[in-house]
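Peer 1: Whatever this is, show me its structure:
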Amino acid sequence: MNSEYPVVVVGAGPIGLAASAHLTETGSANIVLERGASAGSAVAQWNHVRLFSPWSEVVDPAAAKLLAPSGWTAPDGDSYATGREWVESYLAPLAAALGDSVRFDSEVVGVARRGRDRVVDAGRDTEPLSVHVRHSDGSEERILARAVIDASGTWGSPNPLGSEGLPAIGERAAAQQIDYRVPDLSDEDVRSAFIGRHIVIAGSGHSALTAIITFAELAAQHPGTKLTWAVRRGVTDSVFGGGESDELAARGALGMRAKKAVDDGYLEVVSGFRTEEVLAHGDQLVLVGDTGARISGVDRVVALTGFRPDLSWLSEVRLDLDPTLEAPRFLATLIDPNMHSCGTVYPHGVAELTQPEPGLYVVGMKSYGRAPTFLAMTGYEQVRSIAAELAGDHDGARKVELTLPDTGVCGGAGLFDEPDADAGGSGGCCGAPQPAELISLGAPPARGD
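Peer 2: Next up, the predicted model:
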(Lines give C-alpha, C1' and ligand atoms only; values in the text may rest on other atoms or scores of the structure.)
Protein backbone atom coordinates (compact mmCIF):
# COMPACT_ATOMS: atom_id res chain seq x y z
CA MET A 1 0.00 0.00 0.00
CA ASN A 2 1.37 3.40 -0.97
CA SER A 3 4.84 1.95 -1.54
CA GLU A 4 6.07 5.30 -2.85
CA TYR A 5 5.98 6.64 0.71
CA PRO A 6 8.50 5.81 3.45
CA VAL A 7 7.87 3.96 6.68
CA VAL A 8 7.96 6.39 9.59
CA VAL A 9 9.44 5.14 12.86
CA VAL A 10 8.65 7.14 15.98
CA GLY A 11 11.48 7.17 18.49
CA ALA A 12 15.27 6.76 18.15
CA GLY A 13 15.69 4.51 21.15
CA PRO A 14 16.97 0.93 20.87
CA ILE A 15 13.76 -0.48 19.37
CA GLY A 16 13.14 2.40 16.96
CA LEU A 17 16.71 2.30 15.64
CA ALA A 18 16.50 -1.50 15.34
CA ALA A 19 13.31 -1.06 13.32
CA SER A 20 15.14 1.29 10.96
CA ALA A 21 18.01 -1.20 10.64
CA HIS A 22 15.62 -4.02 9.70
CA LEU A 23 13.69 -1.81 7.28
CA THR A 24 16.95 -0.73 5.66
CA GLU A 25 18.11 -4.34 5.40
CA THR A 26 14.87 -5.36 3.67
CA GLY A 27 14.92 -2.41 1.28
CA SER A 28 12.13 -0.30 2.80
CA ALA A 29 12.74 3.44 2.78
CA ASN A 30 12.26 4.83 6.28
CA ILE A 31 12.48 7.91 8.44
CA VAL A 32 13.09 7.89 12.20
CA LEU A 33 11.64 10.85 14.12
CA GLU A 34 13.09 11.54 17.57
CA ARG A 35 11.90 14.41 19.72
CA GLY A 36 15.18 14.48 21.66
CA ALA A 37 18.41 16.00 20.45
CA SER A 38 20.25 12.70 20.10
CA ALA A 39 19.84 8.95 19.82
CA GLY A 40 18.68 7.25 23.00
CA SER A 41 17.77 10.55 24.64
CA ALA A 42 15.54 8.77 27.15
CA VAL A 43 18.24 6.20 27.92
CA ALA A 44 20.60 9.09 28.62
CA GLN A 45 18.31 10.14 31.46
CA TRP A 46 19.25 7.00 33.37
CA ASN A 47 22.88 6.83 32.29
CA HIS A 48 23.92 6.05 35.89
CA VAL A 49 22.08 2.71 35.84
CA ARG A 50 23.38 -0.63 34.59
CA LEU A 51 21.18 -3.01 32.59
CA PHE A 52 20.65 -6.51 33.88
CA SER A 53 20.56 -7.91 30.35
CA PRO A 54 24.09 -8.51 29.01
CA TRP A 55 25.44 -6.88 25.85
CA SER A 56 24.74 -10.05 23.86
CA GLU A 57 21.01 -9.47 24.40
CA VAL A 58 20.79 -5.71 23.82
CA VAL A 59 22.38 -5.44 20.37
CA ASP A 60 20.00 -6.11 17.48
CA PRO A 61 21.42 -8.51 14.81
CA ALA A 62 20.42 -6.32 11.85
CA ALA A 63 21.91 -3.29 13.59
CA ALA A 64 25.18 -5.15 14.16
CA LYS A 65 25.35 -5.97 10.44
CA LEU A 66 24.73 -2.36 9.55
CA LEU A 67 27.46 -1.19 11.92
CA ALA A 68 30.09 -3.70 10.80
CA PRO A 69 31.39 -1.79 7.73
CA SER A 70 32.18 1.23 9.92
CA GLY A 71 34.66 -0.82 11.94
CA TRP A 72 32.34 -1.01 14.93
CA THR A 73 33.25 -3.75 17.39
CA ALA A 74 30.59 -5.28 19.58
CA PRO A 75 31.29 -5.01 23.31
CA ASP A 76 31.98 -8.13 25.35
CA GLY A 77 28.73 -10.07 25.16
CA ASP A 78 28.95 -11.26 28.75
CA SER A 79 29.37 -7.79 30.24
CA TYR A 80 26.65 -5.32 31.20
CA ALA A 81 26.22 -1.78 29.91
CA THR A 82 25.22 1.31 31.82
CA GLY A 83 22.75 3.59 30.12
CA ARG A 84 25.61 5.89 29.12
CA GLU A 85 27.59 2.99 27.65
CA TRP A 86 24.57 1.71 25.74
CA VAL A 87 24.16 5.10 24.11
CA GLU A 88 27.82 5.84 23.45
CA SER A 89 28.90 2.37 22.31
CA TYR A 90 25.80 1.32 20.39
CA LEU A 91 22.86 3.68 19.93
CA ALA A 92 24.80 6.77 18.85
CA PRO A 93 26.97 4.83 16.34
CA LEU A 94 23.86 3.08 15.01
CA ALA A 95 22.06 6.39 14.46
CA ALA A 96 25.16 7.70 12.67
CA ALA A 97 25.26 4.60 10.44
CA LEU A 98 21.60 5.15 9.52
CA GLY A 99 22.54 8.66 8.41
CA ASP A 100 19.90 11.11 7.24
CA SER A 101 17.15 8.59 7.96
CA VAL A 102 17.26 9.71 11.61
CA ARG A 103 15.92 13.17 12.37
CA PHE A 104 16.31 14.69 15.81
CA ASP A 105 14.39 17.49 17.56
CA SER A 106 11.30 16.23 15.71
CA GLU A 107 8.32 15.39 17.91
CA VAL A 108 5.39 13.47 16.45
CA VAL A 109 2.25 15.20 17.72
CA GLY A 110 -0.34 13.30 15.72
CA VAL A 111 -0.99 10.52 13.20
CA ALA A 112 -4.06 10.32 10.96
CA ARG A 113 -5.20 8.98 7.59
CA ARG A 114 -4.68 11.62 4.90
CA GLY A 115 -7.83 13.71 4.53
CA ARG A 116 -9.80 11.62 7.03
CA ASP A 117 -10.46 11.57 10.74
CA ARG A 118 -10.99 8.27 12.56
CA VAL A 119 -14.74 8.20 11.78
CA VAL A 120 -14.40 7.99 7.97
CA ASP A 121 -14.24 4.44 6.54
CA ALA A 122 -13.50 5.22 2.89
CA GLY A 123 -9.86 5.22 1.83
CA ARG A 124 -8.35 3.80 4.99
CA ASP A 125 -6.61 1.05 3.02
CA THR A 126 -5.55 3.24 0.09
CA GLU A 127 -4.62 6.66 1.45
CA PRO A 128 -1.25 7.10 3.20
CA LEU A 129 -0.88 7.84 6.87
CA SER A 130 -0.27 11.48 7.72
CA VAL A 131 2.34 12.12 10.42
CA HIS A 132 2.25 15.55 12.01
CA VAL A 133 5.63 16.72 13.33
CA ARG A 134 6.63 19.67 15.48
CA HIS A 135 10.31 20.63 15.46
CA SER A 136 12.25 22.17 18.34
CA ASP A 137 12.29 25.56 16.60
CA GLY A 138 8.49 25.59 16.62
CA SER A 139 8.02 24.82 12.94
CA GLU A 140 5.63 22.10 11.82
CA GLU A 141 5.43 19.68 8.91
CA ARG A 142 3.40 16.75 7.68
CA ILE A 143 5.04 13.56 6.42
CA LEU A 144 3.07 11.01 4.42
CA ALA A 145 3.89 7.39 5.25
CA ARG A 146 3.01 3.93 3.99
CA ALA A 147 3.30 2.67 7.55
CA VAL A 148 4.02 4.01 11.03
CA ILE A 149 5.93 2.06 13.67
CA ASP A 150 5.42 3.61 17.09
CA ALA A 151 8.50 2.86 19.17
CA SER A 152 8.15 5.92 21.38
CA GLY A 153 8.18 3.94 24.62
CA THR A 154 6.64 4.90 27.96
CA TRP A 155 9.50 6.68 29.72
CA GLY A 156 7.78 10.03 29.48
CA SER A 157 4.61 8.83 31.23
CA PRO A 158 5.35 7.58 34.75
CA ASN A 159 2.47 6.41 36.89
CA PRO A 160 1.53 8.66 39.80
CA LEU A 161 2.06 7.99 43.49
CA GLY A 162 -1.71 7.78 44.02
CA SER A 163 -2.91 4.19 44.23
CA GLU A 164 -5.94 4.70 41.96
CA GLY A 165 -3.89 5.41 38.84
CA LEU A 166 -4.59 9.13 39.31
CA PRO A 167 -2.46 11.58 41.31
CA ALA A 168 -3.25 11.48 45.01
CA ILE A 169 -4.93 14.53 46.48
CA GLY A 170 -2.11 17.04 47.00
CA GLU A 171 0.40 15.09 44.89
CA ARG A 172 0.68 17.76 42.20
CA ALA A 173 1.24 20.49 44.78
CA ALA A 174 4.08 18.43 46.31
CA ALA A 175 5.75 17.71 42.96
CA GLN A 176 9.03 19.39 43.97
CA GLN A 177 9.53 16.75 46.67
CA ILE A 178 8.58 13.70 44.56
CA ASP A 179 10.85 11.86 42.11
CA TYR A 180 9.31 9.43 39.62
CA ARG A 181 12.58 7.82 38.56
CA VAL A 182 15.60 6.47 40.44
CA PRO A 183 17.74 9.51 41.34
CA ASP A 184 21.38 9.60 40.25
CA LEU A 185 23.19 9.64 43.59
CA SER A 186 26.56 9.73 41.85
CA ASP A 187 25.78 13.41 41.23
CA GLU A 188 26.91 15.19 44.39
CA ASP A 189 24.23 17.87 44.14
CA VAL A 190 21.52 15.22 43.84
CA ARG A 191 23.06 13.10 46.58
CA SER A 192 23.27 15.99 49.05
CA ALA A 193 19.52 16.59 48.73
CA PHE A 194 18.84 13.14 50.23
CA ILE A 195 21.52 12.89 52.94
CA GLY A 196 20.05 12.98 56.44
CA ARG A 197 16.48 13.09 55.12
CA HIS A 198 13.47 10.83 55.54
CA ILE A 199 12.91 9.20 52.14
CA VAL A 200 9.87 7.13 51.23
CA ILE A 201 10.30 4.63 48.38
CA ALA A 202 6.92 3.67 46.90
CA GLY A 203 6.52 0.66 44.62
CA SER A 204 7.68 -2.95 44.48
CA GLY A 205 8.95 -3.52 40.94
CA HIS A 206 12.54 -3.74 39.79
CA SER A 207 12.95 0.04 39.86
CA ALA A 208 11.92 0.08 43.51
CA LEU A 209 14.41 -2.68 44.26
CA THR A 210 17.10 -0.62 42.54
CA ALA A 211 16.18 2.39 44.68
CA ILE A 212 16.26 0.28 47.84
CA ILE A 213 19.83 -0.77 47.14
CA THR A 214 20.89 2.74 46.13
CA PHE A 215 19.43 4.43 49.20
CA ALA A 216 20.48 1.67 51.61
CA GLU A 217 24.07 2.38 50.59
CA LEU A 218 23.45 6.07 51.26
CA ALA A 219 21.96 5.29 54.68
CA ALA A 220 24.92 3.03 55.50
CA GLN A 221 27.28 5.94 54.90
CA HIS A 222 25.04 8.57 56.48
CA PRO A 223 23.22 7.05 59.49
CA GLY A 224 20.93 10.07 59.88
CA THR A 225 19.19 9.10 56.64
CA LYS A 226 15.85 7.38 57.27
CA LEU A 227 14.23 5.08 54.72
CA THR A 228 10.64 3.86 54.51
CA TRP A 229 9.44 1.40 51.88
CA ALA A 230 5.72 1.78 51.18
CA VAL A 231 4.17 -1.11 49.27
CA ARG A 232 0.57 -1.63 48.28
CA ARG A 233 0.58 -5.33 49.05
CA GLY A 234 2.52 -7.58 51.38
CA VAL A 235 6.27 -8.13 51.03
CA THR A 236 6.90 -11.80 50.29
CA ASP A 237 9.91 -13.54 48.77
CA SER A 238 8.31 -13.35 45.31
CA VAL A 239 8.67 -9.56 45.39
CA PHE A 240 12.44 -10.01 45.28
CA GLY A 241 12.38 -12.23 42.18
CA GLY A 242 13.94 -15.58 41.43
CA GLY A 243 17.35 -15.10 43.01
CA GLU A 244 19.81 -17.73 41.86
CA SER A 245 17.08 -19.38 39.77
CA ASP A 246 16.75 -16.32 37.54
CA GLU A 247 18.25 -16.97 34.11
CA LEU A 248 19.31 -13.32 34.02
CA ALA A 249 21.94 -13.47 36.76
CA ALA A 250 22.11 -9.72 37.30
CA ARG A 251 18.34 -9.50 37.68
CA GLY A 252 18.40 -12.27 40.28
CA ALA A 253 21.26 -10.56 42.11
CA LEU A 254 19.28 -7.31 42.18
CA GLY A 255 16.47 -8.94 44.13
CA MET A 256 18.82 -10.71 46.53
CA ARG A 257 20.67 -7.47 47.31
CA ALA A 258 17.41 -5.61 47.90
CA LYS A 259 16.21 -8.37 50.22
CA LYS A 260 19.46 -8.16 52.18
CA ALA A 261 19.01 -4.41 52.59
CA VAL A 262 15.55 -5.02 54.02
CA ASP A 263 16.69 -7.91 56.22
CA ASP A 264 19.57 -5.80 57.55
CA GLY A 265 17.13 -3.17 58.72
CA TYR A 266 18.02 -0.29 56.45
CA LEU A 267 14.35 0.33 55.69
CA GLU A 268 11.12 0.41 57.63
CA VAL A 269 8.60 -1.56 55.58
CA VAL A 270 5.00 -0.34 55.52
CA SER A 271 2.87 -2.88 53.66
CA GLY A 272 -0.71 -2.53 52.55
CA PHE A 273 -0.19 1.22 52.08
CA ARG A 274 -2.10 2.78 49.21
CA THR A 275 -1.49 6.51 49.01
CA GLU A 276 -4.69 8.53 48.96
CA GLU A 277 -3.48 12.00 49.97
CA VAL A 278 -0.25 13.98 50.27
CA LEU A 279 -0.35 16.69 52.94
CA ALA A 280 2.14 19.50 53.39
CA HIS A 281 3.35 19.91 56.97
CA GLY A 282 5.82 22.76 57.02
CA ASP A 283 8.74 21.72 54.80
CA GLN A 284 7.81 18.06 55.10
CA LEU A 285 5.07 15.81 53.78
CA VAL A 286 2.59 13.43 55.33
CA LEU A 287 1.40 10.50 53.20
CA VAL A 288 -2.10 9.32 54.02
CA GLY A 289 -3.20 5.82 53.02
CA ASP A 290 -6.70 4.69 52.12
CA THR A 291 -7.10 3.08 55.56
CA GLY A 292 -6.15 6.28 57.35
CA ALA A 293 -2.62 5.10 58.07
CA ARG A 294 0.00 7.85 57.88
CA ILE A 295 3.69 8.16 57.09
CA SER A 296 4.83 11.43 58.65
CA GLY A 297 7.93 13.60 58.58
CA VAL A 298 8.70 12.80 54.94
CA ASP A 299 11.30 14.93 53.17
CA ARG A 300 11.36 13.21 49.77
CA VAL A 301 9.29 10.57 47.99
CA VAL A 302 10.65 8.32 45.25
CA ALA A 303 7.52 7.03 43.51
CA LEU A 304 8.40 4.05 41.31
CA THR A 305 4.99 2.68 40.41
CA GLY A 306 5.59 1.95 36.73
CA PHE A 307 4.84 3.64 33.43
CA ARG A 308 1.97 3.85 30.98
CA PRO A 309 1.68 4.54 27.22
CA ASP A 310 0.87 8.02 25.91
CA LEU A 311 -1.91 7.42 23.41
CA SER A 312 -2.98 11.05 23.03
CA TRP A 313 -1.30 11.62 19.67
CA LEU A 314 -2.88 8.45 18.26
CA SER A 315 -6.42 9.72 18.82
CA GLU A 316 -7.26 9.92 15.07
CA VAL A 317 -6.27 6.37 14.15
CA ARG A 318 -8.13 3.18 14.96
CA LEU A 319 -6.63 1.08 17.73
CA ASP A 320 -7.66 -2.24 19.21
CA LEU A 321 -6.22 -2.19 22.70
CA ASP A 322 -6.89 -4.33 25.74
CA PRO A 323 -9.06 -2.30 28.13
CA THR A 324 -6.93 -3.28 31.10
CA LEU A 325 -3.33 -3.13 29.92
CA GLU A 326 -3.69 -0.66 27.01
CA ALA A 327 -1.62 -3.10 24.95
CA PRO A 328 -2.59 -4.53 21.54
CA ARG A 329 -5.46 -6.89 22.28
CA PHE A 330 -3.88 -10.06 20.89
CA LEU A 331 -0.63 -9.36 22.70
CA ALA A 332 -2.27 -8.52 26.01
CA THR A 333 -3.27 -12.12 26.71
CA LEU A 334 0.38 -13.12 26.39
CA ILE A 335 1.81 -10.50 28.75
CA ASP A 336 -0.75 -10.14 31.53
CA PRO A 337 1.48 -9.67 34.62
CA ASN A 338 -0.92 -11.76 36.68
CA MET A 339 -0.14 -14.73 34.43
CA HIS A 340 3.35 -14.32 32.97
CA SER A 341 6.94 -13.50 33.81
CA CYS A 342 9.55 -12.50 31.20
CA GLY A 343 10.34 -16.07 30.24
CA THR A 344 6.76 -17.22 29.89
CA VAL A 345 5.83 -14.62 27.25
CA TYR A 346 5.39 -16.38 23.93
CA PRO A 347 7.24 -15.15 20.84
CA HIS A 348 5.15 -12.66 18.93
CA GLY A 349 5.37 -10.34 15.94
CA VAL A 350 3.28 -8.77 13.23
CA ALA A 351 0.31 -11.10 13.72
CA GLU A 352 -0.23 -9.95 17.30
CA LEU A 353 0.72 -6.31 16.70
CA THR A 354 -1.43 -5.53 13.64
CA GLN A 355 -4.01 -2.83 14.37
CA PRO A 356 -7.36 -2.05 12.69
CA GLU A 357 -5.60 0.99 11.20
CA PRO A 358 -3.73 -0.43 8.17
CA GLY A 359 0.02 0.07 8.40
CA LEU A 360 0.09 1.15 12.05
CA TYR A 361 2.11 -0.81 14.60
CA VAL A 362 2.85 -0.16 18.28
CA VAL A 363 6.10 -1.85 19.32
CA GLY A 364 8.66 -1.99 22.09
CA MET A 365 7.82 -1.06 25.65
CA LYS A 366 4.75 0.84 24.48
CA SER A 367 3.34 -2.39 23.01
CA TYR A 368 3.26 -3.79 26.56
CA GLY A 369 0.99 -0.96 27.69
CA ARG A 370 0.99 -1.07 31.48
CA ALA A 371 2.53 -4.54 31.74
CA PRO A 372 6.08 -4.85 33.12
CA THR A 373 9.16 -6.97 32.36
CA PHE A 374 9.74 -6.02 28.74
CA LEU A 375 13.07 -7.20 27.28
CA ALA A 376 15.01 -5.60 24.42
CA MET A 377 15.24 -8.86 22.52
CA THR A 378 11.44 -8.99 22.46
CA GLY A 379 11.31 -5.61 20.74
CA TYR A 380 14.01 -6.56 18.25
CA GLU A 381 12.02 -9.59 17.17
CA GLN A 382 8.84 -7.51 16.93
CA VAL A 383 10.39 -5.06 14.48
CA ARG A 384 12.14 -7.80 12.50
CA SER A 385 8.75 -9.42 11.94
CA ILE A 386 7.09 -6.13 10.93
CA ALA A 387 9.91 -5.19 8.56
CA ALA A 388 9.57 -8.58 6.86
CA GLU A 389 5.82 -8.07 6.49
CA LEU A 390 6.28 -4.62 4.96
CA ALA A 391 8.83 -6.06 2.52
CA GLY A 392 6.32 -8.69 1.36
CA ASP A 393 7.93 -11.63 3.16
CA HIS A 394 4.76 -12.79 4.87
CA ASP A 395 6.09 -16.24 5.77
CA GLY A 396 9.22 -14.79 7.31
CA ALA A 397 7.17 -12.25 9.23
CA ARG A 398 5.18 -15.00 10.89
CA LYS A 399 8.11 -17.26 11.64
CA VAL A 400 8.77 -15.77 15.04
CA GLU A 401 11.34 -17.55 17.17
CA LEU A 402 12.54 -16.23 20.48
CA THR A 403 13.66 -17.80 23.75
CA LEU A 404 13.46 -15.45 26.70
CA PRO A 405 15.26 -15.90 30.03
CA ASP A 406 12.98 -17.01 32.84
CA THR A 407 12.66 -15.06 36.07
CA GLY A 408 12.79 -18.18 38.19
CA VAL A 409 9.50 -17.09 39.80
CA CYS A 410 6.26 -18.86 39.03
CA GLY A 411 3.57 -16.62 37.57
CA GLY A 412 0.31 -16.01 39.33
CA ALA A 413 -1.84 -13.32 40.82
CA GLY A 414 0.11 -10.98 43.04
CA LEU A 415 3.51 -11.56 41.43
CA PHE A 416 3.76 -7.89 40.55
CA ASP A 417 2.51 -5.08 42.78
CA GLU A 418 2.68 -2.38 40.13
CA PRO A 419 3.86 -2.33 36.52
CA ASP A 420 7.54 -1.48 36.38
CA ALA A 421 9.62 -1.04 33.23
CA ASP A 422 12.02 1.82 33.09
CA ALA A 423 15.19 0.45 31.58
CA GLY A 424 15.62 1.39 28.04
CA GLY A 425 14.67 3.08 24.84
CA SER A 426 12.10 5.79 25.07
CA GLY A 427 10.32 3.97 27.77
CA GLY A 428 12.00 0.89 28.94
CA CYS A 429 13.39 -2.47 27.88
CA CYS A 430 15.90 -5.09 28.94
CA GLY A 431 13.79 -5.77 31.99
CA ALA A 432 14.80 -3.31 34.69
CA PRO A 433 18.16 -1.94 35.71
CA GLN A 434 20.54 -2.50 38.54
CA PRO A 435 22.74 0.20 40.07
CA ALA A 436 25.84 0.93 38.04
CA GLU A 437 28.03 0.37 41.06
CA LEU A 438 27.76 -3.02 42.78
CA ILE A 439 28.35 -2.21 46.43
CA SER A 440 28.38 -3.89 49.82
CA LEU A 441 26.10 -2.24 52.34
CA GLY A 442 27.94 -0.67 55.23
CA ALA A 443 31.10 -0.11 53.20
CA PRO A 444 32.17 2.53 50.67
CA PRO A 445 30.97 1.74 47.16
CA ALA A 446 33.28 -0.40 45.05
CA ARG A 447 34.32 1.01 41.70
CA GLY A 448 33.02 -0.85 38.67
CA ASP A 449 31.55 -4.35 38.71
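Peer 1: hang on, isn't Leu375 packed against Pro54?
Peer 2: No: Leu375 is not in contact with Pro54 according to Cβ atoms under 8 Å; the separation is 11.6 Å. Heads up, the C-betas are built off the backbone N, CA and C, glycines and all.
Peer 1: out of the two, which sits in the busier spot?
Peer 2: Neighbours were tallied for Leu375 and for Pro54 using other Cβ atoms under 10 Å; the higher tally belongs to Leu375 (26 against 19).
Peer 1: can you give me phi and psi for the more buried one?
Peer 2: Summarising the backbone geometry of Leu375 under the convention degrees, to the nearest 10, its torsions are phi -120, psi 150.
Peer 1: Also Gln284?
Peer 2: Backbone geometry at Gln284, expressed as degrees, to the nearest 10, gives phi -110, psi 170.
Peer 1: now the strands for the stretch 51-200 of the chain?
Peer 2: 102-103, 106-113, 129-135, 140-145, 147-150, 178-179, 198-202 (DSSP state E, counting those that start in this stretch).
Peer 1: and these, which is most packed in?
Peer 2: The highest average neighbour count among those, using mean count of other Cβ atoms under 10 Å, belongs to strand 147-150 at a mean of 27.
Peer 1: average pLDDT across it?
Peer 2: The pLDDT scores in strand 147-150 average 98.
Peer 1: what does stretch 14-26 give?
Peer 2: The predicted confidence, averaged over stretch 14-26, sits at 98.
Peer 1: which parts of that stretch are buried?
Peer 2: Neighbour-count burial for stretch 14-26, with 16 or more other Cβ atoms under 10 Å as criterion, is recorded at 14-26.
Peer 1: Also stretch 353-373?
Peer 2: Of the residues in stretch 353-373, those buried under the neighbour-count criterion (16+ other Cβ under 10 Å) are 353-355, 357-373.
Peer 1: Same check on stretch 177-186?
Peer 2: Under the neighbour-count criterion of 16+ other Cβ under 10 Å, stretch 177-186 has 177-185 buried.
Peer 1: His48 is in contact with Glu85, isn't it?
Peer 2: No: His48 is not in contact with Glu85 according to Cβ under 8 Å; the separation is 11.0 Å.
Peer 1: got the buried residues of stretch 177-186 as CSV, with pLDDT and distance to Ser163 columns?
Peer 2: Formatted as CSV, the entries for these read as follows, by pLDDT from 0 to 100; distance: Cβ to Cβ, whole Å:
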residue, pLDDT, distance to Ser163
Gln177, 98, 18
Ile178, 98, 14
Asp179, 97, 18
Tyr180, 96, 15
Arg181, 93, 19
Val182, 92, 20
Pro183, 94, 22
Asp184, 92, 27
Leu185, 93, 27
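Peer 1: one step back: for the strands of the stretch 51-200 of the chain, please prepare CSV with the additional fields distance to Leu285.
Peer 2: Listed next are these as CSV, based on distance: least, Cβ to Cβ, whole Å:
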stretch, distance to Leu285
strand 102-103, 42
strand 106-113, 33
strand 129-135, 36
strand 140-145, 41
strand 147-150, 37
strand 178-179, 8
strand 198-202, 8
